[in-house]
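Novice: everything below, folded, please.
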Amino acid sequence: MSEYILVGKIDKAHGIKGEVIVASHSDFPERFESDNIVYVSLRNGEKQELKIEKSRIHQDRYIIKFYNIDTRNDAEKLRGLTLEIQSEQLASLPEGEYWHHDIIGLDVYTENDEFLGTISEIMENPANDIYVVKIPDKKEILLPAIKDVILNIDLDNKKMKVKLIPGLI
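Specialist: Now for the predicted structure:
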């Protein structure tokens, strides 16, 4: 079974021809091009496949028309729902770059193989991402995602090795 990855959220209907305004959560604008497939998470938890008929950028959002969503009433039913793709639809990243969903859940170890905790979330920052590491005694530490701190990421073994620089703990 595929894992689904969030790529956008439908804010509201636009106009009378079934278009919706979408806030993108993707770094790949081609994700919203014509004939691409996305999945909407319905309120009952099921996924519904939608095919993009056309899209355009308006300010910092997308106006998207899906096939078979032809009226404002049809579009209003999608308000507030999330758009997702299957993990198989993800674009390839250059070596050394990772998707957030690959990083969250990794066990974090020091360079001396001491277990620190598990990455629970990623905070996006203009300079670099910050990894939030949940320590077993319910504390958290923040690790900057920089080469001086992150020594190795091993997705196969779900481990990250880090160097603790002064002031992190």
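Novice: setting aside sequence neighbours, what's the nearest residue to Asp121?
Specialist: One thing to correct before we go on: residue 121 is Glu, not Asp. Nearest in space to Glu121, with sequence neighbours left out and distances taken as CB to CB, 6 or more residues apart in numbering, is Val132 at 4.6 Å. No exception for glycine: its C-beta is placed from N, CA and C like everyone else's.
Novice: does the one you found touch Ala145 like I think?
Specialist: No. The criterion here is CB atoms under 8 Å, and Val132 misses it with Ala145 at 11.0 Å.
Novice: what is in contact with the two at once?
Specialist: Common neighbours of Val132 and Ala145, using CB atoms under 8 Å, 6 or more residues apart in numbering, are Ile122.
Novice: how does this structure divide up, domain by domain?
Specialist: Per automatic domain parsing, the domain ranges recorded for the chain read 4-88, 100-162.
Novice: comparing those, which comes out most buried?
Specialist: Across the domains of the chain, averaging neighbours per residue (mean count of other CB atoms under 10 Å) puts domain 4-88 on top, at a mean of 16.
Novice: re earlier: need the domains of the chain in JSON lines (columns: mean pLDDT).
Specialist: Below are the domains of the chain laid out as JSON lines (pLDDT from 0 to 100):
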{"stretch": "domain 4-88", "mean pLDDT": "92"}
{"stretch": "domain 100-162", "mean pLDDT": "90"}
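Novice: with distance to Pro94 as new columns, can those domains be given to me in JSON lines?
Specialist: Listed next are the domains of the chain as JSON lines, based on distance: least, CB to CB, whole Å:
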{"stretch": "domain 4-88", "distance to Pro94": "13"}
{"stretch": "domain 100-162", "distance to Pro94": "14"}
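Novice: what about stretch 34-53, distance to the chain center?
Specialist: Between the centre of stretch 34-53 and the centre of its host chain there is 16 Å, according to CA atoms, centre = their mean, to the nearest Å.
Novice: same question, stretch 138-148
Specialist: Put simply, stretch 138-148 sits 19 Å off its chain's centre (CA atoms, centre = their mean).
Novice: spell out the residue ranges of the strands in this structure.
Specialist: Counting by DSSP state E, the chain has strands at residues 4-14, 19-24, 37-41, 47-58, 61-66, 82-86, 107-110, 115-123, 130-134, 140-144, 150-154, 159-162.
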